[in-house]
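Colleague: Give me a model of this one.
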Amino acid sequence: MNIFVIMKRTFDTEEKVTISNGKINEDGAEFIINPYDEYALEEAIRLKEKHGGEVTVVTVGNEDSEKELRTALAMGADKAVLINIEDDIEDGDQFTTAAVLAEYLKEQEFDLILGGNVAIDGGSGQVGPRVADALNINYVTTITKIDIDGSKVTVVRDVEGNSEVIETALPLLVTAQQGLNEPRYPSLPGIMKAKKKPLDELELDDLDLDEDDVASKTKTIEVYLPPKKEAGKILEGELEDQVKELVKLLQTEAKVI
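Modeller: Below is the predicted model of the structure:
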């Protein structure tokens with residue numbers, strides 16, 4: 001079984017985000033594999049262990065992403081591919097990432113593609129479905145369980161606090177939700193083996209893509225932190241007086257009515 005995992009490099013969940021000149025300041029920040037992509041990677045490795053085959057992890061970014069790709073290899077992936085767009089695209093978006101990934105995957109033989117449900121830095125959840133649409137294959141999002149029997153696939157997915165069971169077939173793209181599994185830590189032997197595993201680096205030219213083909217469809221004007229919350233007010237007195245005061249504050253201060 002040929003399994004591909006689409007992965008993103010994101011801020012460490014413990015990292016304190018700072019803003020400088022309307023942009024997120026990355027200087028000195030720690031980065032990790034997007035946690036939802038870790039669930040996807042872990043499930044890919046488990047499926048390989050159960051059914052045989054090969055796991056290839058792919059990311060779109062720059063040379064800094066090599067660290068996270070090596071971590072994925074140490075966890076058990078067989079190959080890694082970095083599609084470096086740093087010199088070609090200044091500000092990409094979800095369309096950019098999905099278009100680049102789809103163009104790469106079109107030339108690959110795959111049975112299953114896994115990715116995270118969302119990235120913790122953007123949270124759009126667009127990349128997986130966009131890739132599947134470009135490849136013209138079925139996809140299921142927010143899965144918490146997957147079973148494969150030949151070409152038949154049964155998945156369980158989150159649906160607003162409940163679960164939905166779906167039967168579909170390979171080839172397929174799924175996006176992982178929390179609860180799918182518990183990702184493993186890279187072992188020392190795994191870290192040593194990862195140094196010898198193949199990590200290929202590609203650029204847009206290698207995919208016969210021009211900058212215009214994957215140019216961002218959106219533009220970020222400014223990034224800013226939400227304003228600090230002011231101290232709340234405690235209303236006192238008779239209930240009727242509190243209600244009158246509350247209505248007055250909603251009209252004059254909050255201006256929501």
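Colleague: how close does the closest residue in space to residue 63 that isn't next to it in sequence sit to residue 55?
Modeller: Excluding its sequence neighbours, the residue lying closest to residue 63 (Cβ to Cβ, 6 or more residues apart in numbering) is residue 84, at 6.4 Å. Just so you know, the C-beta spots here come from the backbone N, C-alpha and C atoms, and that holds for glycine as well. In this view, residue 84 and residue 55 are 21 Å apart by Cβ to Cβ, to the nearest Å.
Colleague: Let me know the pLDDT of residue 145.
Modeller: For residue 145, the pLDDT comes out at 97.
Colleague: again with the one 4 residues further on
Modeller: The model reports residue 149 with a pLDDT of 96.
Colleague: So what does it look like in phi/psi?
Modeller: phi -130, psi 100 (degrees, to the nearest 10).
Colleague: just the one 10 residues further on next, same as before
Modeller: Dihedral angles of residue 159 (phi, psi; degrees, to the nearest 10) stand at phi -140, psi 90.
Colleague: ok, it - how many residues close by?
Modeller: 9 (other Cβ atoms under 10 Å).
Colleague: related to what we said a few turns ago, list the contacts for the residue nearest to residue 63?
Modeller: 61-63, 201-203 (Cβ atoms under 8 Å, 6 or more residues apart in numbering).
Colleague: So, low pLDDT: which residues of this structure?
Modeller: Applying pLDDT under 70 to the chain flags no residue at all.
Colleague: ok, which stretches of it are helices?
Modeller: 35-51, 66-75, 94-106, 127-135, 188-194, 239-252 (DSSP state H).
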